[in-house]
Every structure is written in C-alpha cells, then in structure tokens.
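Visitor: Sequence and computational prediction follow.
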Amino acid sequence: MTWPFALPFAGLLLSIALGPLLFAGFWHHHYGKIAAAWALVTLAALTWQAGMATALASFVHALLGEYLSFIVLLFALYTVAGGILVTGTIRGTPVTNTAILALGTVIASVVGTTGAAMILVRPLIRANLARQHNVHVLIFFIILAANVGGALSPLGDPPLFVGFLRGVDFFWTTRTIWLQTAIVAGLLLVVFAAIDAWRYRAEPAPKDAGRGDPVRIRGLVNVVLIAAIVASMLISATWKPGIGFDVVGTHIELQNLLRDITLVVIAGLSLWLTPDEHREANGFNWEPIREVAKLFAAIFTAIVPVIAMLNAGHDGTFGWLLNAVTTPSGAPREVAYFWFTGLMSAFLDNAPTYLLFFELAGGDPKVLMNDLAGTLAAISMGAVYMGALTYIGNAPNFMVAAIANERGIRMPSFFGYTLRAAAILIPLFVLLTVLPIHPLLSPR
C-alpha cells in the first residue's frame, strides 16, 4: 500500500485539530458525521485494494479487537469519576493549588487522566476564580493531572491502555518509568509553586479570607467502584482460561469480554448508587465521552492502512520514518522514538500515535518489554508526556479548557496554549534526553 491510503487518517486528525478552531459551530453539530465520512473513505479504499472480505475483517478487528475495550474503560472511568463531588471552601493559595495538582498527578494513574481531571477541575476553578492571575493554574493542571500523572498504568492514559490491549504487562510502566515520571512531575510542581507564589504575592489580599465551609468528599461509593475497575483490569491481565471465539477473523478472549462487561456494570452501578445532585453539581454530562467515542471509532478504523504500511518495514511507505528511528545496524534510536512519538502525539492525539510507533518498533510486546525495553519506555513517555503540548494531544486537555472557559477563566487559544506549554515542557524533555538518569533513555 502506498501513501494515499494514509490520507483518510491524516484528514481525520486534521479535522479534529482544525475543526473546533475554524468552524466551531459546524464541527460541534456534525463532528460525528465528519469522522464517519473519513472512516467510510478508508473502508472504501480497503475494499478497492483488497476486496470486501478483507475490508470487513479489518473493520471488525479494529472495532472489536482494539476499540471496544478502549472506549469501555474510558466510559467506566468517566462515569464513576463524575459521581465524586468535592464541596466546601477551598482558597487558591500557592500551597493549596500545589497540593491539588500533586493530588491530581498521583491519582491520575489510578482513576485515569480523564477521571482525575473530572474530579478536581471544578474545585480548582472555584478556588481560583477570584484571583487575578489564574490561567497558569489550569495550564499546569492540564500538564500534570491530565497527562504526566497518567504515565504509570494502563488506567492512567489511553496510549498505555492501547499497549495493554496489545499485550504489555499491566505494571510494566510502573516498574520501568517511575523515576522519569517522578523527576518530570516533581520539577513541574516546583516550577508551578514558584510561579504561583510570585503571582499570588502580586495580587491584592482576598476579601473573603474568613472561615469557610469545611471540605467534604461526597459520592464515596464511587471510590469503591474505582477499586473494582482496577481489580477487574488486574484479573483480566492474570487470568488466562484459554477460552475464546472468532468473529470474522478476530479472536475474542473470554477474560477480555468478561472484563468489558464488568466495566459496563460498574458504570451502571455508579449511576444507580450516586445521587443525581452530585453529578448535577459537577456539571456532568455525556457530551465529552460521546465525542471521544465517535472520534476514536473513526480513528481506529482509519489507522488500519497506516499500520499495514508500517508493517511493511523498510520497504514500505514509512521506510523513511523507520530509518529515522533506527541505526544503520538495525538497533532502535531510543531518543528518536521519544521525540518523534511525543511531537506527533501532541498534534495527532497520543493513543493512535503510540500505536503507530509500537508497530514501527516491531509490535511484539514480549520483545519490547525485554530486549527493547528502552524503546517501549521512550514511546510510552513520549506519548504520555508530550500529549500535554496541545489541547488535542489528550482527550482531557480540551475538556478542562472548555470547563474553565465556561466558568469564566479565559484560557489561551490553541496556539497560545501550545506556546505556554512548550515553554514549560520542552526544557524538561531536553533534560530527560541528555541526562542519563536511567539507562533506558541514556544518549546513544
């Protein structure tokens, strides 16, 4: 297959990037149709190239073998996290803000970056709404809670869950990149605390500095349900009954099917057991997860020919990319994988980009977790960390910005945010590249 077969995938990602900027109203009402059109173009091209049977088998595999488990986990985390309500008086002091960002960073790998953002963004906004300088608080929140903090488990960030679905061990990233994540997150929190303290001192003292309502967390049943989500993921990763069935060439394993059913049941229990007023107070609605579901269904379909071209190796259309991340001897360039995966994640969404480079590195999880562990670490860090560089790099980014704008905090434009995030993050990524803090990313 040649490069024109990748055009629907490129067109879809450009639509996602530019649609909300150039024709926001039209995009909001018709993004599902636009995404479906690109997916249909892909399927038509596959049918023309390889026949109806192959196109159908590829489509079924993309939806049942890849997309279904991906969206079910996001749906469960989104639903359960939306039932946790934080109330009370929280004042946006540097200490409080740093504590909230640190908490979001820590819990992101457990409840997901979407879950962490949903739980904490509204209390954070309430705490800082009266401050003159508050935009930087939300920018660092996006970077830390909605991206970097999700680097340590498949629950944390969509690209890592894609890797888990491909066979990467559940705790592999926890064991492998905890040091890099701790360094990046720790430095970011120090930088934020310094900036926030400087901004806070330049502002007049708050008028309502008296005693407020105590902070309470409501909907605690959802914490138990989050634990149930984690348990279901661990069970599916360790229990291998060897039972499965075939759907148009796609092998569905019993443990994965039962896991997905369990996650849907957990989401239903959250809706049943959580008082409606908790979600109403959170401003909870289904539109964000509906948008993610529609767009990613198209992404997982449109990426099929791209993966096929990647599998062609040096002789395929993407041979140039393989050459860029591989030495003449055939060994992977880990730093190149880190930067290529990261920068493409920022502008093309990190989950499909992770999948692209996972396949480019061979696509064998056992090899990547062992002999090529440095390569998989570089891909994982690039996809998760650099997803924070733009609003479209990770699903929660734009969600946080939209909620902040709705509540009266004027977030920067797409390019304004990107410039600010790049100024914060690129020096850290350069440090991570040149400083041999861990053999997985030592310079080659």
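Guide: Thanks, I have it. All values derive from a computational prediction rather than experimental measurement. Numbering: from 1, shown residues only.
Visitor: if you go through this structure in chain order, where are the strands?
Guide: 85-87, 216-218, 244-247, 250-253 (DSSP state E).
Visitor: Would you convert the ones you listed into a markdown table that also reports distance to Thr418?
Guide: For every residue, glycine as well, the C-beta is placed using N, CA and C. Formatted as a markdown table, the strands of the chain follow (distance: least, CB to CB, whole Å):
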| stretch | distance to Thr418 |
| --- | --- |
| strand 85-87 | 30 |
| strand 216-218 | 34 |
| strand 244-247 | 41 |
| strand 250-253 | 38 |
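Visitor: Return the distance of Pro288 relative to Ala297.
Guide: 15 Å (CB to CB, to the nearest Å).
Visitor: Tell me who's in contact with Met233.
Guide: In this structure, Met233 makes contact with Leu73, Pro154, Leu155, Phe164, Phe170, Arg259, judged by CB atoms under 8 Å, 6 or more residues apart in numbering.
Visitor: Pick the most buried one from the strands of the chain.
Guide: Among these, strand 85-87 has the highest mean neighbour count (mean count of other CB atoms under 10 Å), at a mean of 19.
Visitor: so which of the contacts of Met233 is the most crowded?
Guide: Pro154 (26 neighbours; other CB atoms under 10 Å).
Visitor: Could you give the separation of stretch 423-435 from the chain centroid?
Guide: 20 Å (CA atoms, centre = their mean, to the nearest Å).
Visitor: what does it contact?
Guide: With CB under 8 Å, 6+ apart, stretch 423-435 has contacts from 139-140, 143, 180, 183-184, 187-188, 191, 335, 338-339, 342, 381, 385-386, 388-389, 441, 443.
Visitor: My guess is Ala377 contacts Ile177. True?
Guide: Yes. Using CB atoms under 8 Å, Ala377 is in contact with Ile177, at 5.3 Å.
Visitor: Narrow the contacts of stretch 423-435 to those that are buried.
Guide: Neighbour-count burial within the contacts of stretch 423-435 applies to 139-140, 143, 180, 183-184, 188, 335, 338-339, 342, 381, 385-386, 388-389, 441; the criterion is 16 or more other CB atoms under 10 Å.
Visitor: just for the stretch 1-150 of the chain, where's the confidence low?
Guide: For the stretch 1-150 of the chain, applying pLDDT under 70 flags no range at all.
Visitor: which residue ranges form the helices in it?
Guide: 7-22, 24-50, 52-60, 68-81, 94-128, 135-144 (DSSP state H, counting those that start in this stretch).
Visitor: just how off-centre is the longest one within its chain?
Guide: Centroid displacement of helix 94-128 relative to its chain, using CA atoms, centre = their mean, is 16 Å.
Visitor: same thing with the first one?
Guide: Remark: helix 7-22 is offset 18 Å from the chain centroid, using CA atoms, centre = their mean.
Visitor: buried ones in that helix?
Guide: For helix 7-22, by 16+ other CB under 10 Å, it's Pro8, Phe9, Gly11, Leu12, Leu13, Ser15, Ile16, Ala17, Gly19, Pro20.
Visitor: Next up, the contacts around Asp169.
Guide: By CB under 8 Å, 6+ apart, the contact set of Asp169 is Ala237, Pro365, Met369.
Visitor: which residues sit in contact with the last one?
Guide: Listed by CB under 8 Å, 6+ apart, the contact partners of Met369 are Val168, Asp169, Trp172, Leu376.
Visitor: Show me these that map onto helices.
Guide: Trp172, Leu376 (DSSP state H).
Visitor: Quick one: the helices in the stretch 251-400 of the chain, in order.
Guide: Going by DSSP H, counting those that start in this stretch, the stretch 251-400 of the chain shows helices at 254-273, 276-281, 287-302, 304-311, 319-324, 334-348, 350-360, 365-369, 373-385, 395-406.
Visitor: Quickly note the distance from Ala151 to Ile139.
Guide: For Ala151 relative to Ile139 (CB to CB), the value is 19 Å.
Visitor: same deal with Leu77?
Guide: The gap separating Leu77 from Ile139 is 23 Å, by CB to CB.
Visitor: can you list the weak-confidence ranges in the stretch 201-350 of the chain?
Guide: 206-212, 348-349.
Visitor: The same query, at a cut-off of 80, please.
Guide: Low-confidence segments of the stretch 201-350 of the chain, defined by pLDDT under 80: 205-215, 237, 282-283, 288, 310-315, 318, 329-330, 347-349.
Visitor: thinking again about what came up before, just put the helices of the stretch 1-150 of the chain in a markdown table and tack on distance to Arg201.
Guide: Compiled in a markdown table, those are given as follows (distance: least, CB to CB, whole Å):
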| stretch | distance to Arg201 |
| --- | --- |
| helix 7-22 | 35 |
| helix 24-50 | 37 |
| helix 52-60 | 58 |
| helix 68-81 | 34 |
| helix 94-128 | 9 |
| helix 135-144 | 14 |
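Visitor: Nearest to Pro241 among these would be which one?
Guide: helix 68-81 (17.0 Å; CB to CB).
Visitor: Report the distance from the closest one to the chain centre.
Guide: 12 Å.
Visitor: Any chance you could give me that helix in CSV, C-alpha atoms only?
Guide: The C-alpha coordinates for helix 68-81 follow below in CSV (Å, rounded to 0.1, in the frame of the first residue of the first chain):
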residue,chain,number,x,y,z
LEU,A,68,-14.3,-1.7,22.2
SER,A,69,-12.1,-2.3,25.3
PHE,A,70,-10.5,1.1,24.9
ILE,A,71,-13.8,3.0,25.0
VAL,A,72,-15.4,0.8,27.6
LEU,A,73,-12.6,1.6,30.1
LEU,A,74,-12.9,5.4,29.3
PHE,A,75,-16.6,5.2,29.7
ALA,A,76,-16.4,3.5,33.1
LEU,A,77,-13.8,5.9,34.5
TYR,A,78,-15.6,8.9,33.2
THR,A,79,-18.9,7.8,34.7
VAL,A,80,-17.6,6.7,38.1
ALA,A,81,-15.3,9.8,38.5
